[in-house]
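> using only what follows, build the 3D model:
(one chain, ligands or ions: 1)
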Amino acid sequence: MAQYRRAGAAVAVIRLHNAPVNALSSAVVQALAQGVKKADLDPSVKAVVICGANGKFSAGADIRTFSSLQPRDRPALAETVSLIERSQKPVVAAIEGVALGGGLEVALGCHYRIAHAQARVGFPEVLLGILPAAEGTQRLPRLIGIPAALDLITTGRHVLAAEALKLGIIDEIVKENTVERAIELASKVSGQPLGPRKISLKPVPDLPDMEAILSEALVKVKRKARGRLSPEMCIQAIKAAVQLPFAEGVEKERELFRFLLGSGQAKAQQYAFFAERAVEKWTMPSGTSWKTASAQPIRKAAVIGLGTMGRGIVTSLVKAKMLVVALEQDQKQLDIGREAVTSLLQWEASKMQQSGQSQDICDPARLQFTLDFGALRDVDLVIEAVFEDMALKKEIFRKLSTICKPEAFLCTNTSALDIDEIAAVTSHPHQVIGTHFFSPAHVMKLLEVIRGHHTSPTTIATAMSLAKTLNKVGVLVGNCFGFVGNRMMAPYVEQAIFLLEEGCKPEEVDQAVEGFGFHMGPFRMLDLAGLDVGWRSRKGQGLTGPKLAPGTPARQRESRRYSPLPDFLCEQGRYGQKAGKGWYLYEKPGGRTANPDPWLYNFLSEYRETHGIKARFVDQEEILERCLYALINEGFQILADRIASAPEDIDVIYIYGYGWPTHRGGPMFHASTVGLPHVLSRLQKYSEAHPDIPKLQPSPFLKKLVALGSPPLREWVSHVRQPSSKL
Ligand SMILES: CCCCCCCCCCCCC/C=C/C(=O)SCCNC(=O)CCNC(=O)[C@H](O)C(C)(C)COP(=O)(O)OP(=O)(O)OC[C@H]1O[C@@H](n2cnc3c(N)ncnc32)[C@H](O)[C@@H]1OP(=O)(O)O
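From the prediction side, this is the model:
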């Protein structure tokens, strides 16, 4: 848990030991405290070094233990940090890998800090719904000043050693032998006065406009937080560092920590942390999983199509230092694509430069633009990113099947289309897989990985590993229309539009959803994505346009309720932001400020009149429940259909791909929090009121779980009916 050894005659080395990341469990903290006491009591020890096993200092407190903390529990980690600082002998932190959260707090208790050049430090607690409560909110401002402490503590960002040195968090950077260098330093400084090195004794560096800095920071975090409490509480704790003596500041920090831990948001954010890690450990319904399948190395990749998605994908691949072939169909598109990719890469390089990272990502030798399919002969993997047209995709895959080497993996970037239909035109369907990137693809963290009927475990492992290489979170899902994300989005958007028919305005629906914590409500989202995307899909499905059977009632399709409102908007050229008008009015085509549109109000009134709909007042609760519970209901069906293998998969997809607020833990976690019986009863109520909306009828799987007494979320999948045995 923490090994104690002597290095030479006078230095004691305490090595934190708790694989894989040296999390500070109570056993580790206890062993650390014992080590420090032992060194203090031993007159032959003149100095101490604290380091971590396996090249990592520590990733902080053990997050899994937070749920069992009791209000009366002793703040053992904070006491140990104080103990280190109070030591009569100099203590040096030798930071390799990471010193995060409680790990950094331990380092701040030390009198000196040496870090390896690749080490990262930070206070990511805010992302877990809490704050650095082992005196970190009181020490960091004293060490680096208020503006920098506000930045680090409220964003949770990790900083590389070079930046940490600039900020004053660490004293020295080394390129190798971090622990040995720390031992040398410890020997050198032994006997020197420690007072000036104890951060708790330092004053917070004063600034003339301190009040204004704190107030501005509060306004800024509140605007961004969308209901998340932890950033605001972090500021309150930092404010306490400014206004109170150290010991009182620590009391305030603890009080705020207790409040956050009990708020429910911390539980949701910590669930999300582990859900993100759980989805990496994928399983297929056949039982094959990440444990047995191994990924193939991808050295060279190709991207077909340099539209918005293709450009983002190329940028991601280049950033991951792969060789990339970017292919377009004509010279004009190729030139436009090349220019766009170049400027995206320049932008990325400048961002990396600012954060002290190496920026050699723009090396043109690694990126080849071409019109020639022949250039794809030796690539290990292809990502086709042309627009959503099945015929076009099939034509490309037919070509790829003959041109690419037989072992190449063939990925299609699609948000809804049938992977099996695409795979069927190739000679290696087991090497075909869906990779649904989210726009902008070089920014968005989610990659929905869609297994087709024939996709091999190696292909899945390779696509999941590609996600990791691209610094994305890959989630494996089954093949159905819209997969997980868009399949759940459909009933959500459908409800939003039905609510307009019934009497709402777009901004009322958006405000309710944004009040819940989404970055964007459904109408602002539709305007951003482009209304024509859905219109094309509905025309393809024969729900509107020339394929619609004559005499079909305007508001009904196959005896289900249907709203032609979005079709009418598209017929008027109101495609959303890019057209300057959609559900909202924008200052110009491509404008970003969504203004309520009187034209739309008139249009909605006339529409209701034409169809004999009496507008009614719909309260915020109904807006929210109808939109969110319709989406969640589909989530239960997706679990029952084994399209997602666990609720965590759905939650991660929604957090990283659709802006679901992290402090609400994802749609399925949210359902478990408000209670399955509640979700069921509200769906029952709404489906009785709207019997022509099948998506409001509760999923049989939700009903089953409620009948079983609403088991905890981690048990849900054990109640999914297994497919009948083929034996
Ligand atoms: C009720 C009131 C009581 C009051 C009591 C009084 C007050 C008490 C005071 C208590 C004060 C505590 C203050 C300190 C808080 C903290 O330190 S919170 C933790 C902060 N640290 C983090 O958020 C870091 C989280 N980890 C990471 O970001 C990454 O894991 C990594 C370190 C950067 C490594 O990344 P990578 O190499 O990609 O590996 P991963 O797959 O992410 O992780 C590997 C496995 O390790 C598990 N893990 C990681 N960190 C932790 C952790 N801190 N605790 C527990 N487990 C951790 C991770 O889950 C992986 O395991 P598997 O899930 O099994 O795969």
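
> where does the stretch 51-200 of the chain come near the ligand, residue by residue?
59-64, 69-71, 73, 75, 77-78, 98, 100-102, 124-125, 128, 132-134 (C-beta under 6 Å from any ligand atom). Every C-beta, even on glycine, is put in place using the N, C-alpha and C of the backbone.

> now do Gln353, the pLDDT please.
Here, the pLDDT recorded for Gln353 equals 76.

> contacts for the strand or helix carrying it?
Using DSSP states H and E, Gln353 sits in helix 331-354. Residues from elsewhere that reach helix 331-354 (C-beta atoms under 8 Å, 6 or more residues apart in numbering): 306-307, 310-312, 314-315, 318-319, 326, 328, 358-359, 361-362, 367, 369-371, 442.

> before we move on, the earlier item: which of the residues of the stretch 51-200 of the chain next to the ligand count as buried?
59-63, 75, 77-78, 98, 100-102, 124-125, 128, 132-134 (16 or more other C-beta atoms under 10 Å).

> please flag which of the residues you listed sit within helices.
Leu77, Ala78, Gly102 (DSSP state H).

> isn't the last one right next to Gly60, touching?
In other words, Gly102. Yes - if you go by C-beta atoms under 8 Å, Gly102 and Gly60 touch, sitting 4.0 Å apart.

> wait, doesn't Asp275 sit right on Asp651?
Just so we're on the same page, residue 275 is Ala rather than Asp. Yes - using C-beta under 8 Å, Ala275 and Asp651 qualify as a contacting pair, with a distance of 5.3 Å.

> more neighbours: which of those two?
Set side by side, Ala275 and Asp651 show more neighbours around Asp651, with 32 against 24, by other C-beta atoms under 10 Å.

> ok, now how distant is that one from Arg228?
Per C-beta to C-beta, to the nearest Å, Asp651 is found 16 Å from Arg228.

> which positions in the stretch 201-350 of the chain make contact with the ligand?
Neighbours of the ligand within the stretch 201-350 of the chain, by C-beta under 6 Å from any ligand atom: Arg254, Phe257, Arg258, Leu261, Phe274, Arg277.

> which among these count as buried?
Arg254, Phe257, Leu261.

> so of these, which ones are in strands?
Using DSSP state E, no member of those falls within strands.

> can you redo these as a markdown table with pLDDT?
Formatted as a markdown table, these follow (pLDDT from 0 to 100):
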| residue | pLDDT |
| --- | --- |
| Arg254 | 97 |
| Phe257 | 97 |
| Leu261 | 94 |
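
> endpoints of stretch 688-703, how far apart?
Terminal residues of stretch 688-703 lie 16 Å apart, using C-alpha to C-alpha, to the nearest Å.

> what's the answer for stretch 690-697, then?
9 Å.

> make 50 the first number, not 1, from now on.
Yes, from this point I'll number from 50; that puts the last item at stretch 739-746.

> pull out the buried residues from it.
Residues of stretch 739-746 classed as buried: His739, Ile742, Lys744, Leu745, Gln746 (neighbour count, 16+ other C-beta under 10 Å).

> for the nearest residue to the second one once chain neighbours are set aside, grab phi and psi.
In space, and not counting its chain neighbours, Ile742 is closest to Arg610: 5.2 Å by C-beta to C-beta, 6 or more residues apart in numbering. Comment: the main-chain dihedrals of Arg610 come out as phi -70, psi 140, following degrees, to the nearest 10.

> one more: Phe666?
phi -80, psi 130.

> report the separation between it and the ligand.
42 Å (C-beta to the nearest ligand atom, to the nearest Å).

> sorry, back to before: got the contact list for the helix or strand following the helix holding Gln402?
Heading C-terminal from helix 380-403, the first helix or strand you meet, by DSSP H and E, is strand 416-419. Under the criterion C-beta under 8 Å, 6+ apart, residues 363, 367, 372-377, 383, 386-387, 390, 424 lie in contact with strand 416-419.

> count of neighbours near the closest residue to the ligand within the stretch 600-749 of the chain?
Closest to the ligand within the stretch 600-749 of the chain is Glu697: 11.0 Å, counting by C-beta to the nearest ligand atom. By other C-beta under 10 Å, the residues close to Glu697 number 26.

> next: Leu376.
So Leu376, with other C-beta under 10 Å, has 24 neighbours.

> ok, the residue nearest to Cys453 when sequence neighbours are not counted - contacts?
Once flanking residues are discounted, Cys453 sits nearest to Leu425: 5.7 Å by C-beta to C-beta, 6+ apart. Contact analysis of Leu425 by C-beta under 8 Å, 6+ apart lists Ala351, Val374, Leu376, Val431, Leu449, Ile452, Cys453.
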